[in-house]
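Asker: Sequence and predicted structure are below.
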Amino acid sequence: MGFILKAAALVLLGMISSSSRAYQLNSLSPSKPPFFVLAGDSTTATQSAGGGGWGDGFLNTTLFRNATGQNFGHNGATTVSFRTGGDWDVVLATVKQVKDIYRPFVTIQFGHNDQKPAANISLSQYASNLERFVAEVFDAGATPILVTPLSRRNYDNSTGTPQIILSLANETAATISAAHRSGASFIDLNKASTRYLNAIGPDNAYTYNLNPTDYTHLNVPGSVLFGGIVAELIIQDFQALSKDGYLKVSERLKKDVDRGIYYWF
């Protein structure tokens, strides 16, 4: 009987040790302030003539108690060009520079440019590239968070009720699959942004455009809104960040998004 109990205990320990790295990281209460390193394309990047995403809104309005980060979003980037152009090396170098003082997280969001025929990147290659990013983030000592692509603000009104065209559905599914295969956490920004944009309708959605005819990139209010949505999604997976006061979302923004009410600040 003693041998059986000992064997069962060893099996249980093996099961525990084989739990995904993402689960173990999610369970830890951060002893250091988080440092968010944002990797992605123009829908993450700082507002500029050629792009603008949720990244600066997230960094500037949702981090507290010495939590901080840096936005490395690059206009026009794909999962290939972000690596070959040197951006990814900078991301990993930043992780190594800050990890003694901070608990580093790396958000990874691509898809908008990977899907373009000129990029010549298949869905399977896209997913594999994301998985490689994740493995290297783990190896660098940081927590990777895969982010499904921010929805474009293009509507189909053929039924009389405007609904967002799901132009990034394949990339969204591939990102989630990559997360499951690599053991990374993920947040479904595509689902959350689509839901909100459907609720508020095109007239309100277009007020977040970088310019009147740009239905992809965000102006500053759009960055604050969708940066808040990103923060809220991260909190759902990493509750200790909120509990310890590092990551907080405006109560009005949260309520408006949850209720599908147009938000402006």
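Answerer: Great, that's in hand. Source: prediction; values computed, not measured.

Asker: what helix or strand is the residue nearest to Lys254 when sequence neighbours are not counted on?
Answerer: With sequence-adjacent residues excluded and distances taken as CB to CB, 6 or more residues apart in numbering, Lys254 is closest to Glu232, at 6.0 Å. C-beta here means a position set from N, CA and C on the backbone, and glycine is covered the same way. Secondary structure from DSSP states H and E places Glu232 in helix 220-237.

Asker: From the contact counts, what lies against the helix or strand just after that helix?
Answerer: From helix 220-237 onward toward the C-terminus, using DSSP H and E, the following helix or strand is helix 239-243. Packed against helix 239-243 by the contact rule (3 or more CB pairs under 8 Å, 6 or more residues apart in numbering; DSSP states H and E) you find helix 220-237.

Asker: all helices of the stretch 1-150 of the chain, in order?
Answerer: 2-17, 21-27, 55-61, 81-84, 87-98, 123-140 (DSSP state H, counting those that start in this stretch).

Asker: okay, how far is it across stretch 154-167, tip to tip?
Answerer: Its first and final residues considered, stretch 154-167 spans 9 Å by CA to CA, to the nearest Å.

Asker: residues touching Asp156, list them.
Answerer: Contact criterion CB atoms under 8 Å, 6 or more residues apart in numbering gives Pro162, Gln163, Ile164, Ile165 as the residues in contact with Asp156.

Asker: run the last query once more with 10 Å
Answerer: When the contact criterion is CB atoms under 10 Å, 6 or more residues apart in numbering, the partners of Asp156 are Pro162, Gln163, Ile164, Ile165, Leu166.

Asker: again, but for Thr61
Answerer: Counting by CB under 10 Å, 6+ apart, Thr61 has contacts Ser223, Val224, Leu225, Gly227, Gly228, Ala231, Lys248, Val249, Ser250, Leu253, Phe265.

Asker: One more pass at 8 Å, please.
Answerer: Taking CB under 8 Å, 6+ apart as the contact definition, Thr61 lies against Val224, Gly227, Gly228, Ser250.

Asker: Tell me the spacing between it and Val220.
Answerer: With distances taken as CB to CB, to the nearest Å, Thr61 is found 10 Å from Val220.

Asker: Tell me, please, where in this structure the pLDDT is lower than the cut-off.
Answerer: 1-30 (pLDDT under 70).

Asker: center of it, which residue is that?
Answerer: Val147 (3.0 Å; CA atoms, centre = their mean).

Asker: Next, count neighbours for the closest residue to that residue other than its chain neighbours.
Answerer: Closest residue to Val147 in three dimensions, ignoring its sequence neighbours and counting by CB to CB, 6+ apart: Gln109, at 3.7 Å. Residues contacting Gln109 under the criterion other CB atoms under 10 Å number 28.

Asker: residues contacting Gln109?
Answerer: When contacts are counted by CB under 8 Å, 6+ apart, Gln109 is found next to Ala39, Gly40, Asp41, Thr43, Thr44, Leu146, Val147, Thr148, Pro149, Leu150, Leu189.

Asker: related to what we said a few turns ago, can you tell me which of the contacts of Thr61 lies nearest to Thr68?
Answerer: Checking those against Thr68 with CB to CB, the nearest one is Gly227 at 14.1 Å.

Asker: and the closest one, what does it touch?
Answerer: For Gly227, the contacting residues are Trp54, Gly55, Asp56, Gly57, Phe58, Leu59, Asn60, Thr61, Thr62, taking CB under 8 Å, 6+ apart as the criterion.

Asker: Switch those residues over to TSV; also include distance to Asn209.
Answerer: Converted to TSV, these look like this (distance: CB to CB, whole Å):
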residue	distance to Asn209
Trp54	14
Gly55	17
Asp56	16
Gly57	15
Phe58	19
Leu59	21
Asn60	20
Thr61	20
Thr62	22
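
Asker: ok, of those residues, which one's closest to Leu92?
Answerer: Using CB to CB, Gly55 is the member of those that lies nearest Leu92, at 17.9 Å.
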